[in-house]
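[1] Build me a model from this:
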Amino acid sequence: MKKLLLILLFILCGCGKEEKQFNRTIFTFNTTVDITLYEGNKDDLNQIVNILNHYSKLSDYNKHYDGYVNLYDINQNAYNEEMVISCDLFDILELSKEYYSLTNGYFNIAIGKASFMWKDIRDNENSFEIADYDNIALEIANTNIDDVILDEEKQSVKFNNENLKLDLGGIIKGYALDKVYEYLNGKNYTKYLINAGASSVLIGSHYKKEKFTIGLQNPDNENAIYQKIKAKNCGIGTSGDYQNYFIHDGVRYHHILDPKTLENPHIYRTISVIGNNNALLDALSTAFFCMEYDEMINLANELKVEVIGMKYDGTVFHTEGVVVS
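    A predicted model of the protein is given here:
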């Protein structure tokens, strides 16, 4: 299986290297995260790393961590018992339910059982059977977000379906970057660039008071870009069909499932959403990837976010507010 971690290629045009620059590359959220600060100090890097690792542990569906009640614990136990969780995790679940409504169900964290099954199939592509893929659609009965019961007063979660599993992969990196932004803003830092696996990116001001020039990766060539854009003081959430994919009998099978059909959508190759709320951008990039074009553009306009992407036929599109370079 071809696994491509980077979606965005960053080009700091005409820049050279700023004299004061702090860099750290870590592996968290099961991906590589690149942190660059143009002000502050090494302790600020450490604090950012701690924030990112904290949310990575909270959202891990594979293992328990001492001192945490995390997604793994919830998925294992929330049908059998009402579970009191941290305010952080409760807020993420509450936001996710809100985004479900906002996207008309195209963003759905209750897709977990199906997405975990699909990941196991993709990880063993050499033994791939169409029947295995088709059987995932039978899990649609176990993706009802209303089966996730949140009690704000108790700060608890309970499942009404024993087969329900949650997957926070479509929101957690964006949410964590919002917390990083809160930290940086509290220190009055404005010059930074944080690339969380490139599917979620937090962009501050360029150290020369310019906009960053950002190259959007060509889905068919990891060493090429299909468009350059200018951006600063914003976030970017990206989804694409060229991460964690394989091709079988001429059909591209990728990691994104449409929560309404539990099948791979083939409307777009890549979509990037630009705005100021990284958790929302993360969720929208996933939801938009499953929507027909007009519905996607209408919702983008309603929510006042910008979108740029490539349709499945190779056509490049963007909303009016995107600054192309």
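[2] how much space between S115 and I274?
    25 Å (CB to CB, to the nearest Å). In short, each C-beta sits where N, CA and C put it, glycine included.
[3] cool, Q243 as well?
    19 Å.
[4] So which of these two has more stuff around it?
    Taking neighbours as other CB atoms under 10 Å, Q243 and I274 compare with I274 leading, 25 against 22.
[5] quick one: strands adjacent to the top strand by length along the chain?
    As assigned by DSSP state E, the longest strand anywhere in the chain is strand 221-231. For strand 221-231, the pairing partners within the sheet under DSSP bridges are strand 212-218 (antiparallel), strand 323-324 (antiparallel).
[6] could you dump those strands to JSON lines with mean neighbour count?
    Formatted as JSON lines, those follow (neighbours: other CB atoms under 10 Å):
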{"stretch": "strand 212-218", "mean neighbour count": "21"}
{"stretch": "strand 323-324", "mean neighbour count": "13"}
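[7] Go through the ones you listed and name the closest to G235.
    strand 212-218 (11.9 Å; CB to CB).
[8] which residues of the stretch 1-150 of the chain score low on pLDDT?
    For the stretch 1-150 of the chain, applying pLDDT under 70 flags the ranges 1-19.
[9] Just the element for the nearest residue to T28 once chain neighbours are set aside, please.
    Nearest non-adjacent residue to T28, counting by CB to CB, 6 or more residues apart in numbering: S56, 4.4 Å away. According to DSSP states H and E, S56 maps onto helix 42-59.
[10] Could you give the separation of that helix from the chain centroid?
    Counting by CA atoms, centre = their mean, to the nearest Å, helix 42-59 is centred 17 Å from the centre of its parent chain.
[11] Output the contacting helices and strands for the helix or strand just after it.
    Downstream of helix 42-59, the first helix or strand assigned by DSSP H and E is helix 71-77. Here helix 71-77 touches strand 83-84, going by 3 or more CB pairs under 8 Å, 6 or more residues apart in numbering; DSSP states H and E.
[12] residues in contact with the strand it packs on?
    Residues outside strand 83-84 that contact it (CB atoms under 8 Å, 6 or more residues apart in numbering): V69, D73, I74, N77, K154, Q155, S156, V157, K158.
[13] Buried subset of those, written for ChimeraX?
    Those of the contacts of strand 83-84 that count as buried under 16 or more other CB atoms under 10 Å are selected in ChimeraX with:
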select :69,73,74,156,157,158
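[14] And the contacts of strand 83-84, which is closest to L95?
    Distances from L95 to these, taken by CB to CB, are shortest for V157, at 13.3 Å.
[15] Can you name the residues that contact the closest one?
    So V157 contacts I74, A78, E82, M83, I85, F90, L93, V148, I149, L150, D151 (CB under 8 Å, 6+ apart).
[16] Using JSON lines, please lay out the contacts of strand 83-84 together with distance to I267.
    Output for these, formatted as JSON lines (distance: CB to CB, whole Å):
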{"residue": "V69", "distance to I267": "37"}
{"residue": "D73", "distance to I267": "36"}
{"residue": "I74", "distance to I267": "32"}
{"residue": "N77", "distance to I267": "37"}
{"residue": "K154", "distance to I267": "41"}
{"residue": "Q155", "distance to I267": "38"}
{"residue": "S156", "distance to I267": "38"}
{"residue": "V157", "distance to I267": "33"}
{"residue": "K158", "distance to I267": "35"}
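[17] Just the buried ones out of the contacts of V157, please.
    I74, A78, M83, I85, F90, L93, V148.
[18] which residues of the stretch 151-300 of the chain fall in strands?
    156-159, 192-196, 200-203, 212-218, 221-231, 234-240, 246-248, 251-253, 268-275 (DSSP state E, counting those that start in this stretch).
[19] could I get the longest one in PDB with only the CA atoms?
    The C-alpha coordinates for strand 221-231 follow below in PDB (Å, rounded to 0.1, in the frame of the first residue of the first chain):
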ATOM      1  CA  ASN A 221       2.500  13.200  -8.300                       C
ATOM      2  CA  GLU A 222       3.900  13.600  -4.700                       C
ATOM      3  CA  ASN A 223       6.700  15.800  -6.100                       C
ATOM      4  CA  ALA A 224       4.500  18.300  -7.900                       C
ATOM      5  CA  ILE A 225       1.800  20.800  -7.000                       C
ATOM      6  CA  TYR A 226      -1.400  21.600  -8.800                       C
ATOM      7  CA  GLN A 227      -1.800  25.200  -7.400                       C
ATOM      8  CA  LYS A 228       0.000  27.700  -5.300                       C
ATOM      9  CA  ILE A 229      -1.900  29.900  -2.900                       C
ATOM     10  CA  LYS A 230      -1.000  32.800  -0.600                       C
ATOM     11  CA  ALA A 231      -2.100  32.700   3.100                       C
END
